[in-house]
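Trainee: I'll drop the sequence and a predicted model, then ask my questions.
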Amino acid sequence: MDAGNVKWVRLGDYIEQCDERNHSNKYGIEAIKGISTSKTFIDTKANLDGVPLQSYKLVAPRYFAYVPDTSRRGDKVALAFNDSSCTYLISSIYCVFKVSVLDKLSPEYLYLFFLRPEFDRYARYNSWGSARETFDWSELCRVKIPIPSIAIQHSIVNLYKCSEEAKKIASEAREKLKTLCSA
C-alpha cells in the first residue's frame with residue numbers, strides 16, 4: 001500500500017448536510033445527546049420536561065453533527081461522529097452531515113481528521129461574527145483534506161483503533177499495579 005502523492009481535496013465535494021427530523025416521535029428522550037468539544041456525543045444536560053421532540057434532528061449511525069457556534073468553547077469545535085448502531089436526537093440548531101461518497105471517503109477516516117488540533121485551529125480562524133462567531137456549513141465545505149485510497153484510509157483507522165486499545169490496556173494495567181503494589 002503505497003500512499004504515494006495524496007491529493008488534498010475540498011471536503012464539500014464528499015459530504016452533504018442532512019436535515020431529518022423526529023416528526024413521527026419515533027425517538028424519545030433516551031435518544032437525546034449533546035455534543036462535546038472532545039468530539040463525542042454526551043448525555044444531554046438540558047431540562048427536557050414537557051419539551052416536544054418533533055423538531056429535534058436525527059443523527060443516524062456513521063453520521064456527524066457539529067455546533068456551528070464556536071464562541072466560548074476554548075478554541076475547540078464541538079463535533080461528534082455517531083459510531084454506534086443507534087440513531088441519536090440533537091438540537092435543531094446543530095448541523096448534521098454525512099459522507100456522500102463512501103467509496104472515496106471513509107467516515108471513520110474523516111473523524112480522525114476532525115480529531116486533529118489543526119482542524120480546531122482552522123475552524124476557529126475561519127469562524128466569522130462579532131459577539132457570536134460561527135463556523136458555518138460553507139466554511140466546513142471549504143476545508144481541504146488529504147484523501148488516500150479507501151484501502152489506506154481503512155488501514156489508518158485500524159491502526160488508530162489498535163493504538164487506542166493498547167493505551168487503554170496499558171492504563172488499566174497501571175491501575176491494577178497501583179492496587180497490587182501500593183508502594
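Mentor: Ah, there it is.
Trainee: when you work out contacts or count neighbours from here on, use the C-alpha atoms and nothing else.
Mentor: Will do.
Trainee: give me the residue at the spatial middle of this protein.
Mentor: Residue closest to the mean C-alpha point of the chain, counted by C-alpha atoms, centre = their mean, is Ala80 at 2.5 Å.
Trainee: touching, it and Arg62? I think so.
Mentor: No. Ala80 is beyond contact range of Arg62, at 10.1 Å (criterion: C-alpha atoms under 8 Å).
Trainee: just the pLDDT for Ala183.
Mentor: pLDDT, Ala183: 60.
Trainee: top helix in this protein by residue count?
Mentor: Determined from DSSP state H, the single longest helix within the chain is helix 150-180.
Trainee: helices or strands next to that helix in the packing?
Mentor: helix 107-115 (3 or more C-alpha pairs under 8 Å, 6 or more residues apart in numbering; DSSP states H and E).
Trainee: compute the inter-axis angle for whatever helix or strand comes next after the helix it packs on and helix 107-115.
Mentor: Counting by DSSP states H and E, the next helix or strand C-terminal to helix 107-115 is helix 117-125. Here helix 117-125 runs at an angle of 70 degrees relative to helix 107-115 (axes from the mean of the first three to the mean of the last three C-alpha atoms, to 10 degrees).
Trainee: just to revisit the earlier point, secondary structure element for the residue nearest to the centre of the chain?
Mentor: Using DSSP H and E, Ala80 falls in strand 79-81.
Trainee: just how off-centre is the longest helix of the chain within its chain?
Mentor: How far helix 150-180 lies from its chain's middle: 20 Å, per C-alpha atoms, centre = their mean, to the nearest Å.
Trainee: may I see the buried residues of it?
Mentor: Neighbour counts over helix 150-180 (16 or more other C-alpha atoms under 10 Å) mark 153-154, 157 as buried.
Trainee: rewinding a little: where's the residue nearest to the centre of the chain relative to Lys176, distance?
Mentor: For Ala80, the distance to Lys176 equals 31 Å [C-alpha to C-alpha, to the nearest Å].
Trainee: and what of Asp13?
Mentor: 48 Å.
Trainee: do the same with Ser149
Mentor: 41 Å.
Trainee: ditto for Leu159
Mentor: Taking C-alpha to C-alpha, one finds Leu159 at 26 Å from Lys176.
Trainee: now Glu164
Mentor: For Glu164 relative to Lys176 (C-alpha to C-alpha), the value is 19 Å.
Trainee: check Tyr63 too.
Mentor: 37 Å.
Trainee: quick check: pLDDT value at Met1.
Mentor: 47.
Trainee: Ile32: which of the buried residues of helix 150-180 is nearest?
Mentor: Proximity of those to Ile32 (C-alpha to C-alpha) peaks at Val157, which lies at 27.3 Å.
Trainee: which stretches of this structure aren't confidently modelled?
Mentor: Within the chain, the ranges that satisfy pLDDT under 70 run 1-4, 73, 130, 182-183.
Trainee: 80 instead?
Mentor: Residues of the chain that meet the criterion pLDDT under 80 lie in 1-5, 71-74, 129-132, 181-183.
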